[in-house]
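# here you go, sequence then predicted model.
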Amino acid sequence: MNSRFGKRCLVFLLMLQMVQFMYAQSLDKTRVTVVMDNITIEQFLDEVERQTKIEFIYNADEVRNLPRISVNEKNAVTRTVLVKVLSRLGCEFNEKNGIVAVKPQKKESKRTTIKGIVLDEKREPVIGAQVRVLGTKLVTVTDIDGAFTFDQSVPENARVQVTYIGMRTAVASAKGNLVINMEPDTKMLSEVVVTGYQQLDRRHLTSSVTSKDMSELDIPGVSDLSKMLEGKIPDLVALTGSGEVNATSRIRIRGTSTLVGNREPLWVLDGIILTDPVNLSSDVLNDPDYVNRIGNAIAGINPQDIQRIDVLKDASATALYGTRAANGVIVITTKSGHEGKPIVSYSGKVTARKRPYYSDKKINLMSSAERVELSQYLAEAHYAYPQTMSKIGYEEALRQLYAGEIGRDEFNAQVEKMKMENTDWFDLLCRNSFSQDHSLSISGGSEKVRYYTSLGVTDTQDVIKNNLNRRYTGMVKINYNLTNKLKAEFNISGNLSDRKYKSINAIDYAYNTNRVIPAFNENGTYYKFPKYNNSNSLYGYYGYNILNELENNDIDQRGNTMIATASLRYQVNDNLFFNGVFSANTSNVDIETWWGEESYYIASQRGAEVDETPKSTSYLPYGGELSVNKKRTIGWTSRLQANYNKYFGEGKKYNVNLAGGFEASSSHYTGDDYTQRGYYKDRGRTFATHRYPARMRTTGRG
C-alpha cells in the first residue's frame, strides 16, 4: 500500500515538472499577431494572453497611467513582441512557473556631489554658515575659507539653502562649483526690538529705540564696550575723563537725569539687570576719577560674545524698568549656538600705542628756552606772581639775585643752563606700549541642543609706565528643546580682572610741568621742588619729585564676577507663551592703595621728610600707609512672565501685544574699608610696632 502511494506521488511530480517546462518554453515557442492602434497596456496583454493562453499578472494602479501605444506585429515570437512593446512603455517582465509578471521599471535618478564657497557682501568667506540640501537630511557648515562639500550623492535637481545669523537666506541650484553670495539682513535687525522683556515689531513701536549689530560697533584695538558705543548711537555720548587704559567711559543718553543720583544708564544682559561691581556712596557717585577707574556693570563683558545691542532712550524705558531707567537702558543680547557641526572661531588683536612726543603736531608746548624768555618778559613787565605758584626755575633764580643770595654771574650761568635743560617728561613718564586681545569660541549642536562657549584674554598696556589692565572672561550658553513647545536655556558667564595704576595723573603732569625743571640732580638723585614754609605753596613744606611719587605709590584693583541664568519657555500656540527666569550673581572687588614712606603724601602725614625726626604729635612717625577697600555683592532675580502677540485684520495690519508677570530681585552689598599705617611694603608687607592712630570703617547694606 505504501509502495503504491509513493509511485503515484512520483508520477504526479514528474508530470508537474513537464507542465512547468512546457510553459517555460511557451514564450519562445508561441507566436502572436497584434495589429492594434491607440491601445492601453492592459488591452495589449489581454490580446497576447488570448492568443497564447499565457497568464499575465500586474498591478493595475501601477500601469494605469502609462501612455497608449500602437502595435503592428505579425506572426512574431511572443517573447520578442513583449520585449519590444514593454520596453517602449518603460516596463519589464519576469517569467516564473508559466506566469509572466509585468511591472514598471524603477527609474534611478542621476545623482551628483556638491561643493562650493559662501561669501559675504565684501567678498570675504562666511565662516560657520549652515548649508542644507533641500528635500534631504544632508546638512553641513562652511569652514574657515567659507567652503563646503557634500561627499554623499544628492539628487540631480537638488537645491541648497544657506543660512547665517544676520544674513539673508540664500538658495541656489546644485550645479557645478557653487559660489553663493550672502547679503546682510538689515531688515531683520531693524524690524525687531529687544527690550529685555519682549521682542517687539518696530513697525508697531512709537518709542525711540536704536538697534545695532555688534559687527557695526567693533573697533580695532578697543576692548571696552562703553568706548565702542561712542559716535555709533544717536543721542548717546561717551565721556572719557582720563586717557588711561583703566578708565571706563561715562555713558550719557540724552543728557543727565535728576530723578536719581546716579547718571549712568541701566545695563540689561539677556533680560537680567546688571549691577555695578561697587555700591558707590553719594559722595563719589559722580566723581569722574573714582568711577572711571572702578568700572561699570559691563566692564567685564567680552565684546566678542555680544550679538546685538538695543538702546532705549525715552519714557518707554522708564515704563518698563521704573526710575532706574531714567538715564536710558542699554540691552545686550549675547550669541547663541547653532545647529550643525562644531565651529571653532578665534579672534586676535595686537595693538601698538605710541607715547606722546614733544614733536607731535597736537602737542604745542614750550621748550626750556621759550619758557625762560616768557619768564624774562613777565619780569620786565613787573608781573606779580600768584602766592600759590612755586618759586622755581627762572623766577627762583631772580628772587635769589634780588635777595643778594647769588651774584649776577651765577644768575646768568643758571639762566643759560635752564635754557638747555629741556627735560623730556613724556619720555620719563610714558612708553610705547603693546596690547593684546584674544578670544576663542566653539559653537554647534543639533536640532535639540545648541551650545556656545568662549574664553577671552585681554592684556592692555598703557602708554603711562606701570599702568596695565588684564581681563579674563568665560561664557557657556546652552539652548535645549525639551519638546516642540518647551524650551530651556542655561547661561553661565564670569570674568577676572586685575588693574594697576597710580593715584597721580602722569599725563597731566607732563603736559603742565615746566621743562626747565630737571628730573635729576647732577649726582643722579631725584631733584625735588624746594621746600617753602608757606602753606599756600603748590607743594608746601616738603620736597616733591613725580618720579619719586610714582615709585612710592601703587593702586592694585582685583575683581571677579559670576552670573548664572536659567530660563524655561512654554509656547502654548503661535500667539501665547509663558517664560520663567531665575538668575544669580556674585562679584568681589578688592582695592589696595599704598603710599611709601618716601612719598610727599607720607611726609605731610609724618610732619617731616624721611631723613628728619618726625614730630611728637605725628599720625605716622614710621613707615607708609596701606588702604584696603573690599566689596562683596550677592544678588538674584526671579521672573514669571506671559506674552500674547497677535496680528489680525486685512493684511495683518493690526496688532495686539500684551505682557504681564511678576518679578522679584535682591542685591546685598557688604564691604570693609580701612587704613593701616606704619606699613613697609618692601619689608615683607609688615607693619611698624610703634603705636599710632589708625582709621577703620566697615560698611554693609542689604
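Received the coordinates, thanks.
# dig out what the closest residue to Ile332 other than its chain neighbours forms beta bridges with.
Counting by C-beta to C-beta, 6 or more residues apart in numbering, Leu269 is the residue found nearest to Ile332 once chain neighbours are left out, at 5.0 Å. No exception for glycine: its C-beta is placed from N, CA and C like everyone else's. For Leu269, the beta-bridge partners are Ile272, Ile332 (DSSP bridges).
# now do the contacts for Leu269.
Ile298, Ile301, Ile332, Thr334, Ile563 (C-beta atoms under 8 Å, 6 or more residues apart in numbering).
# in three-state terms, label the last one for me.
When you say that, I think you mean Ile563. strand (DSSP: H, G, I helix; E, B strand; the rest coil).
# distance of the spatially closest residue to it that is not a sequence neighbour relative to Glu612?
In space, and not counting its chain neighbours, Ile563 is closest to Asn585: 4.5 Å by C-beta to C-beta, 6+ apart. Using C-beta to C-beta, to the nearest Å, Asn585 is found at 51 Å from Glu612.
# the two - which one has more neighbours?
A direct count of neighbours by other C-beta atoms under 10 Å for Asn585 and Glu612 places Asn585 higher, at 22 against 11.
# was I right about the more buried one contacting Gly635?
Yes - in this structure, Asn585 is within contact of Gly635 by C-beta atoms under 8 Å, at 5.1 Å.
# return the distance of Ser666 relative to Ile363.
From Ser666 over to Ile363 the distance is 51 Å, taken as C-beta to C-beta.
# what do you get for Arg353?
From Arg353 over to Ile363 the distance is 15 Å, taken as C-beta to C-beta.
# same question, Gly635
In this view, Gly635 and Ile363 are 46 Å apart by C-beta to C-beta.
# what about these two, which has more around it?
Neighbours per residue, other C-beta under 10 Å: of Gly635 and Ile363, the larger number sits with Gly635, 19 against 12.
# pLDDT score assigned to the nearest residue to the more buried one once chain neighbours are set aside?
Of all residues not flanking Gly635 in the chain, Ser667 sits nearest, at 3.9 Å (C-beta to C-beta, 6+ apart). For Ser667, the pLDDT comes out at 87.
# and Ser667, what are its phi and psi?
Ser667 adopts backbone torsions of phi -130, psi 130, taken as degrees, to the nearest 10.
# surely it is in contact with Thr633?
Yes - checked against C-beta under 8 Å, the pair Ser667 and Thr633 is within contact range at 6.5 Å.
# who has more neighbours out of these two?
Between Ser667 and Thr633, counting by other C-beta under 10 Å, Thr633 is the more crowded of the two (20 against 16).
# can you name the residues bridging to the more buried one?
For Thr633, the beta-bridge partners are Ser587, Tyr669 (DSSP bridges).
# quickly run through the sheet partners of the helix or strand in which Phe56 is found, with directions.
In this structure, Phe56 sits in strand 55-58 according to DSSP states H and E. Taking DSSP bridges as the criterion, strand 55-58 forms sheet pairs with strand 99-104 (parallel).
# list the buried residues in the partner strand.
Using 16 or more other C-beta atoms under 10 Å as the test for burial, strand 99-104 gives Val100, Val102, Pro104.
# mind putting those into TSV with pLDDT and distance to Ser454?
Below are the buried residues of strand 99-104 laid out as TSV (pLDDT from 0 to 100; distance: C-beta to C-beta, whole Å):
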residue	pLDDT	distance to Ser454
Val100	87	69
Val102	88	64
Pro104	85	57
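# show me the shaky parts of the stretch 151-300 of the chain.
Within the stretch 151-300 of the chain, the ranges that satisfy pLDDT under 70 run 185-207, 221, 239-249, 254-262, 277-296.
# can you give me the strands in it?
Counting by DSSP state E, counting those that start in this stretch, the stretch 151-300 of the chain has strands at residues 159-163, 170-173, 177-181, 192-194, 199-201, 209-213, 236-239, 250-253, 266-269, 272-273.
# tell me which residues touch the residue nearest the centre of the chain, please.
Note on the chain: the residue nearest the mean C-alpha position is Asp305, at 2.1 Å, using C-alpha atoms, centre = their mean. By C-beta under 8 Å, 6+ apart, the contact set of Asp305 is Thr334, Lys335, Ser439, Ser441, Ser454, Gly456, Thr473, Met475, Ser493.
# equivalent analysis for Phe411, please.
Here Phe411 is in contact with Ala397, Leu398, Gln400, Leu401 (criterion: C-beta under 8 Å, 6+ apart).
# try 6 Å this time
By C-beta atoms under 6 Å, 6 or more residues apart in numbering, the residues touching Phe411 are Ala397, Leu401.
# secondary structure class for it?
Phe411 ends up helix, using three-state DSSP.
# mind pulling up the pLDDT for it?
The score at Phe411 is 92. That number is its pLDDT.
# ditto for the one 5 residues further on
At Glu416, the predicted lDDT confidence score is 92.
# make residue 1 into 56 and carry on from there
Understood, numbering begins at 56; the last thing we discussed is Glu471.
# buried residues in the helix or strand hosting it, which are they?
Assigned by DSSP H and E, Glu471 belongs to helix 463-474. Within helix 463-474, the residues scored as buried using 16+ other C-beta under 10 Å are Phe466, Gln469, Val470, Met473, Lys474.
# make TSV out of those and add distance to Ile274.
Below are those laid out as TSV (distance: C-beta to C-beta, whole Å):
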residue	distance to Ile274
Phe466	54
Gln469	50
Val470	49
Met473	44
Lys474	44
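# list the contacts of Asn712.
Applying C-beta under 6 Å, 6+ apart, the residues contacting Asn712 are Asn700.
# next secondary structure after the strand or helix carrying it?
Assigned by DSSP H and E, Asn712 belongs to strand 709-735. Using DSSP H and E, the helix or strand that follows strand 709-735 towards the C-terminus is strand 741-742.
# pLDDT on that next one, on average?
Here the average pLDDT along strand 741-742 is 84.
# elements contacting it?
In terms of contacts (3 or more C-beta pairs under 6 Å, 6 or more residues apart in numbering; DSSP states H and E), strand 741-742 is packed against strand 709-735.
# the strand it packs on: how far from the chain's middle?
23 Å (C-alpha atoms, centre = their mean, to the nearest Å).
# neighbours around Ser622, how many?
Neighbour tally, Ser622, other C-beta under 10 Å: 20.
# list the buried residues in the helix or strand encompassing it.
Element membership of Ser622, judged by DSSP H and E, is strand 608-626. For strand 608-626, burial by neighbour count (16+ other C-beta under 10 Å) applies to 608-610, 612, 614-620, 622-624.
# with stretch 201-218 instead?
Those would be Gly201, Phe203, Phe205, Val209, Ala213, Val215, Val217, Thr218, for stretch 201-218 by 16+ other C-beta under 10 Å.
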